[in-house]
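Colleague: sequence first, predicted coordinates after that:
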Amino acid sequence: MPEMNQAKKLSRWSLTDASAVGHILVVRCGLCNTTRRFLPDDILKIRRDTTINRLKFICLKCNKRDYMDVTVYKPSSWEIGKLPIRRLADIKDVRTPVWRDETL
Ligand SMILES: [Zn+2]
């Protein structure tokens, strides 16, 4: 896809669309310059479908979200088996205590 139309296209391109054509998500933090790749199917396991431009990531290195850039990318055949990708390993249900103040 042409670079100029990228932002426009990502506002109409959903996780399901990306999955259907074999796109992977490329998430880059502009602050600490780290790039991580994800499979759309993994993201769809933890949230409902949305367009790529609406995805919000937090950088695990600098803990900021303001510098995150998300694009899609179709790996070439020679990259299969070589491209590092972050997979969903597990989903943990975290139990959080909720407190309220009462009178004894
Ligand atoms: Zn960062």
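Modeller: Great, that's in hand. Residues are numbered from 1 along each chain as shown.
Colleague: who's in contact with Cys29?
Modeller: Shown in contact with Cys29 (Cβ atoms under 8 Å, 6 or more residues apart in numbering): 35, 59, 61-62, 64, 67-69. Where you see a C-beta, it was placed from the backbone N, CA and C, and this is true even at glycine.
Colleague: just give me the neighbour total for the closest residue to Asp66 other than its chain neighbours.
Modeller: What sits nearest to Asp66 in space, not counting adjacent residues and going by Cβ to Cβ, 6 or more residues apart in numbering, is Leu31, at 7.9 Å. As a burial measure, Leu31 scores 13 neighbours (other Cβ atoms under 10 Å).
Colleague: test for you: state the pLDDT assigned to Leu31.
Modeller: With respect to pLDDT, Leu31 has a value of 96.
Colleague: swap in Val72?
Modeller: pLDDT, Val72: 95.
Colleague: before we move on, which element is it in?
Modeller: Using DSSP states H and E, Val72 sits in strand 68-73.
Colleague: ditto for Ile43
Modeller: Element membership for Ile43, per DSSP H and E: helix 40-46.
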